[in-house]
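predicted coordinates and the sequence they were generated for:
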Amino acid sequence: MQNASFHYQVVHDKNISYSQLRTSRQTKELNQIESTIFTQVWGIPHLKIALFFPQVFKMESFSQGIFEGMQHMSESVFRGLCLIMGTSRQVAIRREISDMSEVVKRGATTNNKGTLMFSGSHREGFRLKGSDMDFMLWPNNHRVIMDMSQSEYYNIANTTLILSDSSESPPGFTLLQLLTQTTDRGVQSACVRMNDRLYISSFTYRHLTCSALFPNSIVHGPCGSGVRAGMEYDTAWCFMCDFWPLSASSWIDRCLSWPDAEVVNDIIRNGCHFVAIGHPLGQQENEEWRISFSQAEYKLVSSMSHCQFLTYGLLKLFLKEVLNRQSEETNNLLCSYHMKTTIFWAIQQNTLSHWCPQNLLVGFWACFKLLLKWVYEGICPNFFIPQNNMFLTKVHGSTQNRLFLQLHELYKRGLACLLQSSSIRSYIIDVLYNPRISICTAESVMKCEVDYDIELVNESSNVSIALGDLFSLTKAMHMIKQLVNSHPTQYQIVTLQILTSYILQRTTFVLHNMYTNTNVNKKMYIADKISCHMLKLAASFGVISDMLFIAMHHYKMLRYREALSVIEMTKVKLAQPYLMYRGVNRERFTEALGGQSWSTKMRQAVAKDIKLASAFCYIHELIPEQRSALQKNTLLISIPVFVMLHFIEFLCYRHINMALSQAALDELQVLLHHDQGRYVNVYYRDISWEILGICQQMTGNLQAALYSYQQSLIQHTHHGIQNATQMRIQEVVELMQHQ
């Protein structure tokens, strides 16, 4: 099959009956839909055949009526995809927040630490159900070079050099030779000696680093995989190279029309990565590493038009809901990366002269035909290194034949194969049943201001920065200052405000921890004044819930009345009917704040969960939980804002008014016992029940405390606080025995 010429049988008789053309058995639902289409009075006789068998026609030979009908259907699918995957503005919000956050993090990271980069579909701007979170991590003080001459660009006193040797590896793969000494124990342990040279074994390194970020991960390809907070993740520890690989030089020559020169130069300037997986057919599979262009791929996806991006998204849906449901034998042969490769080649080869909502389905069909051709030939060329055939190990022999036959059956159905997609079906049927339905593809009609406000809140809720020393925090603030002067977009400005607030809060508690044990009153006084100022500044940049950090600081400094005053102000703001927290009353929000700046909306109407860095003391009562979280490599503890509000209120009133302290505890108890997920995220219920138990234990209600701790244990183990919970249960049981 691989070398045969590829031809399709084309039916030329436009009067041939549909029953003669039909070649596969359809579901009852599909039969009813198609029957309806044919019995309706369209006034466009051949549109029916164009829908189901577009291969019969060349697009340029369509009659005006057929062409307009296809455009109409494409517009309907375009609109549906915008609702599923986001408008161009929503995608821009997702990308710009992620990009700006990453720039600040990288600017603040020192050479002796590592870099963490989001990658994959989530980074590209998709928010599809079931999609995972992909991370790439690499040590900053290790660099791969392509030849020895490149070593002159590095100071080997603080940088470990690794040489890429691809002379005996399949295209797209290489061996990594350790050239200079390393202090990284993982790298040291992964070294193997071959021909009197030290090489880093991808197999060993992969297994050593699998659970380094998230405990109990399992090896999956080059990654450590698992589930956290209901989200699947893949973490790939790798090595960074600042140079573009010679094996991918042909890609540069191909970039005549797409992407533009600026994007190409940016991609080349940022080099590539090496992930820990060898080629299954390579002579040294356990030692080989795969060249990863993940960073380049993100830049390519970002350079797509929105129509191209949605076509890529349609291919991903088609894979998940149609291709991978044909049979168990073939449902794992194709993956999302093949879809990405297809759209890259289709765009670069000018398969479609103009990508727009009116011809989205034409673009999709061109990609599907290209994929079908690759399966027929058994060759899927990597976009950057075409000599790397990504079908070589899976799509060959009898499996290739079965896959091709299944895809060809779908091809023969024409665009009707999209009716098998549960996500897209309704947008096609709407037009088929009512071909004159009005469809608007203007984003201003599909989404309104509050939709983008919600998107901004959801995306910015994930913004944080894991820095734990004053030097790194100062570097981060300096980086933000530079970025503010670089004319950022409105979404980037919001990100910088949130990061500034976060850094100021983190700095406050770092300072407090530094001077707590000095016993020098003057230093403590100065640190306290600076901390109060920074926390107020952080609240002016941030959201309503950031005020609780001021209350926490007052509580630590034994200023209980000041803390309660802040809590009362916070309560008033949280009681507003237009509050945006885990949902929003859209009408009230628009009525109160429509047209206002985002800074105003954040301060007056937005609340978020409280994120506490596990390494720093915020409230002494939570120290055991933070230590337990650190043991499980959980760097942040997220506490629902209303849980934290009642917790601090309870703690402060214990020193002022026991009746009001009990009232705060009652509020917390009602919240946890009766909340249905509106105010307490299901993944944060472990720490929430723990806090309730702490409060109950402090009041002497040991039976209730025991129940709360037991409830904490049976929740999702998101924060890794089980050791602390077990310790508290043991303590309560012992106290009960002595009563």
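All right, it came through fine.

so which residues of this structure form strands?
Here the chain has its strands, by DSSP state E, at 114-119, 133-139, 142-145, 160-165, 173-178, 191-194, 197-200, 218-220, 223-228, 231-241, 272-275, 289-292, 610-613, 636-639.

buried residues in the shortest one, which are they?
Translated: strand 218-220. With burial defined by 16 or more other Cβ atoms under 10 Å, the residues of strand 218-220 counted as buried are residue 219. Quick note: C-beta positions are derived from backbone N, CA and C, even for glycine.

pLDDT on that strand, on average?
For strand 218-220, the mean pLDDT works out to 96.

hmm, who's touching that strand?
With contact meaning Cβ atoms under 8 Å, 6 or more residues apart in numbering, strand 218-220 is reached by 206-207, 210, 224-226, 234.

now swap in the last one and tell me
Residues outside strand 636-639 that contact it (Cβ under 8 Å, 6+ apart) are 464, 466, 609-614, 622, 625-626, 629, 647, 681, 684, 687-688, 691, 719, 721.

picking up where we left off before, just send the strands of the chain back as a markdown table, with distance to residue 585 too.
Below are the strands of the chain laid out as a markdown table (distance: least, Cβ to Cβ, whole Å):
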| stretch | distance to residue 585 |
| --- | --- |
| strand 114-119 | 32 |
| strand 133-139 | 30 |
| strand 142-145 | 51 |
| strand 160-165 | 56 |
| strand 173-178 | 55 |
| strand 191-194 | 60 |
| strand 197-200 | 56 |
| strand 218-220 | 42 |
| strand 223-228 | 31 |
| strand 231-241 | 28 |
| strand 272-275 | 45 |
| strand 289-292 | 45 |
| strand 610-613 | 23 |
| strand 636-639 | 24 |
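
could you point out which of those sits nearest residue 95?
strand 114-119 (10.4 Å; Cβ to Cβ).

quick one: mean pLDDT for that closest one?
On average, strand 114-119 scores 92.

that one: how far from the chain's middle?
12 Å (Cα atoms, centre = their mean, to the nearest Å).

between it and strand 231-241, how many degrees?
120 degrees (axes from the mean of the first three to the mean of the last three Cα atoms, to 10 degrees).

strand 133-139 and strand 114-119, what's the angle between them?
Using the same axes, to 10 degrees, strand 114-119 lies at 150 degrees relative to strand 133-139.

tell me the buried residues in strand 114-119?
116-119.

repeat for stretch 153-168
Buried, per 16+ other Cβ under 10 Å, within stretch 153-168: 154, 159-164, 166.

kindly report the same for stretch 175-187.
For stretch 175-187, using 16+ other Cβ under 10 Å, the buried residues are 175-179, 182, 187.

equivalent analysis for stretch 397-409, please.
So for stretch 397-409, counting by 16+ other Cβ under 10 Å, buried means 400, 403-404, 406-407.

just the ones in helices from those residues, please.
Among the buried residues of stretch 397-409, DSSP state H puts 400, 403-404, 406-407 in helices.

make a markdown table out of those residues and add pLDDT.
Below are those laid out as a markdown table (pLDDT from 0 to 100):
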| residue | pLDDT |
| --- | --- |
| 400 | 95 |
| 403 | 96 |
| 404 | 96 |
| 406 | 96 |
| 407 | 96 |
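
who are the contact partners of the spatially most central residue of the chain?
Computing the C-alpha centroid of the chain and ranking residues by Cα atoms, centre = their mean puts residue 122 first, at 3.2 Å. For residue 122, the residues meeting the contact criterion (Cβ under 8 Å, 6+ apart) are 131-134.

residue ranges with poor pLDDT in this protein?
1-67, 111, 516-520 (pLDDT under 70).

any idea how far apart the tips of stretch 582-600 sit?
End-to-end distance for stretch 582-600: 19 Å, by Cα to Cα, to the nearest Å.

and it, how far out from the chain's middle?
The answer for stretch 582-600 is 26 Å, by Cα atoms, centre = their mean.

list the buried ones in that stretch?
582, 584, 586, 589-590, 592-593, 598.

number of nearby residues for residue 271?
18 (other Cβ atoms under 10 Å).

distance of it from residue 295?
As judged by Cβ to Cβ, to the nearest Å, residue 271 and residue 295 stand 8 Å apart.

same question for residue 316.
For residue 316, the distance to residue 295 - Cβ to Cβ - is 20 Å.

cool, and residue 171?
20 Å.

sorry, back to before: quick check on the contacts of strand 218-220: which are buried?
Counted by 16+ other Cβ under 10 Å, these give 206, 210, 224-226, 234 as buried.

from those, which is closest to residue 561?
residue 226 (45.9 Å).

now that closest one. Nearest residue, chain neighbours left out?
residue 217 (4.4 Å; Cβ to Cβ, 6 or more residues apart in numbering).

what sits against the nearest residue to residue 90 once chain neighbours are set aside?
Spatial nearest neighbour of residue 90, chain neighbours left out: residue 455 (5.0 Å); criterion: Cβ to Cβ, 6+ apart. Residues near residue 455 by Cβ under 8 Å, 6+ apart: 86, 90, 93-94.

and those as CSV, adding distance to residue 267 and neighbour count?
Listed next are the contacts of residue 455 as CSV, based on distance: Cβ to Cβ, whole Å; neighbours: other Cβ atoms under 10 Å:
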residue, distance to residue 267, neighbour count
86, 24, 24
90, 25, 23
93, 23, 25
94, 21, 22
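
closest one of those residues to residue 327?
residue 86 (32.2 Å).

how many residues are close by residue 146?
Count around residue 146 with other Cβ under 10 Å applied: 20.

begin at 15, not 1, for the rest of this chat.
Yes, from this point I'll number from 15; that puts the last item at residue 160.

just checking, it touches residue 178?
Yes: contact criterion Cβ atoms under 8 Å: residue 160 and residue 178 qualify, at 5.4 Å.

spit out the residues that contact those two alike.
In contact with both residue 160 and residue 178: 255, 259, using Cβ under 8 Å, 6+ apart.

could you measure from the residue nearest to residue 104 over to residue 141?
From residue 469 to residue 141 the distance is 9 Å (Cβ to Cβ).

tally of neighbours for residue 712?
By other Cβ under 10 Å, neighbour count at residue 712 equals 15.

look up the closest residue to it, ignoring the ones flanking it.
residue 668 is the one closest to residue 712 (Cβ to Cβ, 6+ apart), at 7.2 Å.

now the helices for the stretch 15-164 of the chain?
Using DSSP state H, counting those that start in this stretch, the helices assigned to the stretch 15-164 of the chain run over residues 32-35, 42-53, 61-66, 78-99, 102-122, 134-138.

with the stretch 315-464 of the chain instead?
Along the stretch 315-464 of the chain, counting by DSSP H, counting those that start in this stretch, helices occupy 320-335, 350-362, 374-391, 411-427, 439-447, 457-460, 463-474.

of the ones you listed, give the one that comes closest to residue 112.
Across those, closest to residue 112 is helix 463-474 (Cβ to Cβ), at 7.7 Å.
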